[in-house]
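Visitor: Show me the folded form of this:
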Amino acid sequence: MDNLFVASLVVLNQILEAGNAITAFSLLTYALTFNLRERVARSTALLLGSLTLVYFGDVMAGLTGNPQEIEAWLRIGWLGLCVLPASYLHLSDTLLEATGRPSRGRRRLAVRLGYVFSLIFVLLIGVADWLVDGLMTVDHSVAYLSTGPGIWLYLAFLAVTLGLTGLNLWRAYRRCLTSASQRRMGYLMAGSIPPMLGALPMLSLGLTPMLQQPVIFWSLNAALNVAVAISMVLITYVVAYFGVSVPDRVVKSRLFQWILRGPVVASSVLAVTVFVNRTAVFFGLENSRSVPFAMISTLLILQWIITLIRPPLERYLFYGEDRRDVERLQILEQRLLTTGDLQQFLESVLNAACDVSGASSAFVAVIGRQGLELEVNVGPDDPLHGEEDLPARMVAENLRQVERLGAIFVWGRYWLIPLRAQESDELIGLMGLCTSEAPDQMAEEQAELLHVLADRSLVALTDRLLQREVFEAVDRLVVRVDEIQRLRAAARYNGVQLLGGESDLAAGQADLAALVRDALSHYWGGPRLSSSPLLGLSVVREAIEDQGGNPVNGLREILRRGIERVRPEGERRFTAEWMLYNILEMKFLEGRKVRDIAMRLAMSEADLYRKQRVAIEAVARAIGEMEREAVQANGRRPPLR
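Guide: Coordinates of the predicted model:
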């Protein structure tokens, strides 16, 4: 019975070690995905990469019976052990810097020396037996590498780096400004201990006598493996807040989903696979078909469970007092009437209207800033681009006459039904039917059905216009909210960053350049121009007023002014001095193809793209200067950066 229990503990440890390898790799990809620009995230990625190597080597060594292969995998695990102390020191240095204590040279030198020693140990693992020696086994089941004479140098290196790491983490904890940041830094300090203990090769360091009490040894090992998994999650959780400007609930939700669909699912599938396989072997059913069936079933069932429980769990765990606000946003996202939804619905309404009236074509148009704008059209006739009576254009030129007309009237070959807002009775659009009959020849039942369909179109258009107002308000709000989120994120650990600042946009020249690039790519029309967050800038709002209240024209004017600021003085030439301006004008203002521009400027397309990026950054700087000038001209204090 004891042997069966010990064997079960050994299998459990193998599963947990595989789970740790999966968790470390999954969290490594998380760190590399969301905030790689942050030094804290990059140092965490190195730490997780080292742990991935350690556990991956142990897992692979346990899956083979070839001694040479076992030794090779154990040496790969030792490669991670060589880098692990330096990565710990690197992480502590970046954390201390993030809390407002940059290195004066000594800490950075210590980190570099740590990686130098790590590289030396890595080379020794690969080319000599000075650090680790040959393969050793206990009871033909537990394998480890014996240590060489250089192990004491490694242990001294480990002790020094961990001592410095602990000192840096304590200093970083003391410098945290808020209770939340102190709590998270405390999590990181506590969570940094188990991974180091779990990664150390205890048997190689002379603890083989513990195997004389296998129940105690494997139980402690299992507990340590569980602690390592929890600690890696804690470290990643704390680091996930650095370098991001999204709210805390988004960070928590994103990491929660990542862990559920990554480590939890993969580790559970692995555990079920091992259990089913061992059970099948116990009953004499080797290579049973139940194993792949169990794997697939577990994967599908877990995904189904996660899909069901994740939303309510996130609301309960992460949203708190903001739960109601977040639910409103989620309802808006789920029930949003997009342009495609509106067109699909209106097409159905128009097809039904054609069936009721016998019309060959129909359309719905809205009253926009430029006059009558076609929303949806069905049938062969195009009311805005036809060559016969052009009724829609005639109506667009005589909107005041339409206001005085009745519920349905004839204009050329079309029956026109005004669509008026219920609250204000304002004309917001028209429904048109192309038919040769007169409206008075229509039966009363047909007329009622037609008016019902017109009301359906009116409701859809009204909702869509209301959504557009919401989106315009959101676009103006995005820039300011993003700025507040950045300042809030920076204030967690370094309050000094609350004191700088210049412009509304701010947050970073890279973000502004990205917004400018998107707007320029749709310079002559498109959602990246009409829905750009740049519409919230003071200088753009002033330009919108000058352009008669047209947001697109206002933003287009500011982009044009930004390009003009890049223009050198004097007559235009095709020299190096004019390179950036020529690229901007030909690419965005004139809309030429990349190949034509490259030939005209005598450069490769790859070089053109590099120069284009520089040109867009120059326009972004120019718009930033224009925004500061507009803020100062209005007598307002520039917003904090």
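Visitor: how about the helices in the stretch 501-641 of the chain?
Guide: If you assign secondary structure with DSSP state H, counting those that start in this stretch, the helices in the stretch 501-641 of the chain sit at 509-521, 527-530, 538-546, 551-566, 579-584, 594-601, 605-633.
Visitor: Of these, which is nearest Ile120?
Guide: Across the helices of the stretch 501-641 of the chain, the minimum distance to Ile120, taken as Cβ to Cβ, is reached by helix 509-521, at 37.3 Å. Heads up, the C-betas are built off the backbone N, CA and C, glycines and all.
Visitor: and the gap between the closest residue to Glu557 other than its chain neighbours and Ala633?
Guide: What sits nearest to Glu557 in space, not counting adjacent residues and going by Cβ to Cβ, 6 or more residues apart in numbering, is Ala543, at 4.7 Å. Shown here: Ala543 relative to Ala633, a distance of 13 Å by Cβ to Cβ, to the nearest Å.
Visitor: With neighbour numbers in mind, choose between these two.
Guide: Ala543 (23 against 11; other Cβ atoms under 10 Å).
Visitor: who does the closest residue to Pro201 other than its chain neighbours bridge with?
Guide: Beyond its immediate neighbours in the sequence, the residue positioned closest to Pro201 (Cβ to Cβ, 6+ apart) is Tyr144, lying 6.0 Å away. Judged by DSSP bridges, the bridge partners of Tyr144 are Met136.
Visitor: what's the distance between Tyr144 and Asn3?
Guide: Shown here: Tyr144 relative to Asn3, a distance of 21 Å by Cβ to Cβ.
Visitor: Tell me which of the two has more neighbours.
Guide: In this view Tyr144 and Asn3 are compared by other Cβ under 10 Å, and Tyr144 has more residues nearby, 21 against 8.
Visitor: Just to check, the more buried one is in contact with Gly206?
Guide: No. With contacts defined as Cβ atoms under 8 Å, Tyr144 does not count as touching Gly206, sitting 10.5 Å away.
Visitor: dump the residue contacts of Arg278.
Guide: The contact partners of Arg278, taken as Cβ atoms under 8 Å, 6 or more residues apart in numbering, are Val11.
Visitor: where's it, which helix or strand?
Guide: Secondary-structure element containing Arg278, defined by DSSP states H and E: helix 265-282.
Visitor: so Ile367, which of the three states?
Guide: Taking DSSP: H, G, I helix; E, B strand; the rest coil as the rule, one finds Ile367 in the strand state.
Visitor: now swap in Ala362 and tell me
Guide: Secondary structure assignment for Ala362 (three-state DSSP): strand.
Visitor: Quick check: bridge partners of it?
Guide: Partner residues in beta bridges with Ala362: Val378, Leu433, with DSSP bridges as the criterion.
Visitor: can you count the residues close to it?
Guide: 28.
Visitor: Wait, it touches Ala353, no?
Guide: Yes. Distance between Ala362 and Ala353: 5.4 Å, which falls inside the contact criterion (Cβ under 8 Å).
Visitor: Pull up the overlap in contacts between these two.
Guide: 431, 433.
Visitor: Can you give me the first-to-last residue distance of stretch 313-325?
Guide: The straight-line separation of the ends of stretch 313-325 (Cα to Cα, to the nearest Å) is 16 Å.
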